[in-house]
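Student: test case, fold it:
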Amino acid sequence: MSESTEPFEHWCEVCGKTEQLTSEEAFGKGWDFPPRMGQWGVISQRTCGTCPMTATVWWAVAMDGYDAKQLSPAQQEVAARIMTERPDGEGQTE
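Tutor: Numbers count the residues shown, from 1 in each chain. Next up is the predicted model:
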């Protein structure tokens, strides 16, 4: 898969931090964000380089066994955002 060299918004679901970075810059700073980590539109962690993945929706679903009804309202918003994101940047911000 070819990665874009254009910066786009990376957002942390744990602390709320956002940065405009290329995929390579984000990966170098420790971000867990598609396309280098995870896939677009699939529940996986969206974290900056300092936040733990144990506080993510992915952790709640995959490790703690939560279903959609058990997620908090904030976690449900994150899940909805992830499910509607697009690699071209559409759905990245509201």
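Student: using CSV, list the CA coordinates for the longest helix anywhere in the chain.
Tutor: Counting residues, the longest helix found in the chain (DSSP state H) is helix 73-84. C-alpha atoms of helix 73-84 as CSV (Å, rounded to 0.1, in the frame of the first residue of the first chain):
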residue,chain,number,x,y,z
PRO,A,73,-21.0,7.4,25.6
ALA,A,74,-17.4,8.8,24.9
GLN,A,75,-16.3,5.4,23.8
GLN,A,76,-19.3,5.0,21.5
GLU,A,77,-18.4,8.4,19.9
VAL,A,78,-14.8,7.2,19.3
ALA,A,79,-16.1,3.9,17.8
ALA,A,80,-18.5,5.8,15.5
ARG,A,81,-15.7,8.1,14.4
ILE,A,82,-13.4,5.2,13.6
MET,A,83,-16.1,3.3,11.7
THR,A,84,-16.7,6.4,9.4
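Student: tell me where this protein has helices.
Tutor: Assigned by DSSP H, the chain shows helices spanning 23-28, 57-58, 73-84.
Student: what does the last one contact?
Tutor: When you say that, I think you mean helix 73-84. Contact with helix 73-84 is made by 13, 41-44, 46, 56-57, 60, 68, 71, 91, 94, as judged by Cβ atoms under 8 Å, 6 or more residues apart in numbering. C-beta: built from backbone N, CA, C; applies to glycine.
Student: next up, the contacts around Met53.
Tutor: Met53 sits next to Asp32, Gln45, Thr47, Trp59 when contact means Cβ under 8 Å, 6+ apart.
Student: the residue nearest to the third one when sequence neighbours are not counted: neighbouring residues, count only.
Tutor: Nearest non-adjacent residue to Thr47, counting by Cβ to Cβ, 6 or more residues apart in numbering: Asp32, 4.7 Å away. Counted with other Cβ atoms under 10 Å, the burial measure for Asp32 works out to 22 neighbours.
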